[in-house]
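Asker: Model the following, please.
(chains A and B)
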Amino acid sequence: QVTLKESGPGILQPSQTLSLTCSFSGFSLTTYGIGVGWIRQPSGKGLEWLAHIWWNDNKYYDTALKSRLTISRDTSNNQVFLKIASVDTADTATYYCARIAGGNFDYWGQGTTLTVSS
Amino acid sequence: ENVLTQSPAIMSASPGEKVTMTCSASSSVIYMHWYQQRSSTSPKLWIYDTSKLASGVPGRFSGSGSGNSYSLTISSMEAEDVATYYCFQGSGYPFTFGSGTKLEIK
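Answerer: Residues are numbered from 1 along each chain as shown, chains lettered A, B, ... in the order given. Sure, this is the predicted structure:
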């Protein structure tokens, strides 16, 4: 059974760095063709892909946010991490992690909400 | 960036009515995928590889299309289909989602 669960700080002040963790089970991030990605959704708005990391440690980022994003993994503990530098109010959103296989995100976590406020 | 334009943004249908929503890509893609998101829940993979139904998806749903133009069809609207549907392309970077079609029931 594939499961993913996100965790994060809940609230940050502008200019701080956001650190998110995705803990997963039911698959290995060392299996060929498997990846884990991050997607966010501001309240009442659409989905925005941010980044993902593949089984071979290749990493891809959204073009507009690339300078602020860092994705990494711990394959031993089945975790993927995302850092977003210098957050501001526009980063307030629900952040999802999801497994990618066969070109689509087939399993999603429940999401973790972030509020950026001074 | 491959921009995905969904239409309509909002639509409503009566029970039993046929529903069709579209997704237009600014650049051709190999496959289109669709997600269903009900209120306050995580998105669920609904249709993948353009026309394949994800596990548990009712047979009244179908997907079709090629190149730049794709669609999701519900043959007979039911109350449980109320949700927002997003198209998604993972054919090229950056990955992109459409802005969604919100489906309501009359």
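Asker: does the residue minimising distance to the centre of chain A count as helix, strand or coil?
Answerer: Centroid-nearest residue in chain A: A:W38, 2.8 Å away (criterion: Cα atoms, centre = their mean). Classification of A:W38 using DSSP: H, G, I helix; E, B strand; the rest coil returns strand.
Asker: Quick check, pLDDT for it.
Answerer: Among the per-residue scores, A:W38 holds a pLDDT of 98.
Asker: do the one 10 residues further on as well
Answerer: You'll see A:E48 listed with a pLDDT of 97.
Asker: On the strand side of things, show who it bridges to.
Answerer: As for beta bridges, A:E48 partners with A:R40 under DSSP bridges.
Asker: which residues of chain A score low on pLDDT?
Answerer: Of all residues in chain A, none has pLDDT under 70.
Asker: so is A:A90 in a helix, a strand, or just coil?
Answerer: helix.
Asker: so who does it touch?
Answerer: When contacts are counted by Cβ atoms under 8 Å, 6 or more residues apart in numbering or on different chains, A:A90 is found next to A:V116. Any C-beta I mention is one placed from the backbone N, CA and C, and that applies to glycine too.
Asker: A:V116 too?
Answerer: A:11-14, A:87-92.
Asker: swap in B:S24?
Answerer: B:S24 sits next to B:4-7, B:68-70 when contact means Cβ under 8 Å, 6+ apart.
Asker: how about a cut-off of 7 Å?
Answerer: The contact partners of B:S24, taken as Cβ atoms under 7 Å, 6 or more residues apart in numbering or on different chains, are B:5, B:68-69.
Asker: How about it: which residues does it bridge to?
Answerer: B:T5, B:S69.
Asker: Next one: it from B:V3, what distance?
Answerer: B:S24 sits 9 Å away from B:V3, going by Cβ to Cβ, to the nearest Å.
Asker: Show me what counts as buried in stretch A:86-106.
Answerer: Across stretch A:86-106, burial judged by 16 or more other Cβ atoms under 10 Å in any protein chain shown covers A:87, A:91-101, A:103-106.
Asker: for stretch A:10-28, same thing?
Answerer: A:12, A:16, A:18, A:20-24, A:27.
Asker: Which residues of chain B lie near chain A?
Answerer: Contact residues (Cβ under 7 Å from any Cβ of the partner chain) of chain B with chain A: B:1, B:31, B:33, B:42-43, B:45, B:48, B:86, B:88, B:90-91, B:93-97, B:99-100.
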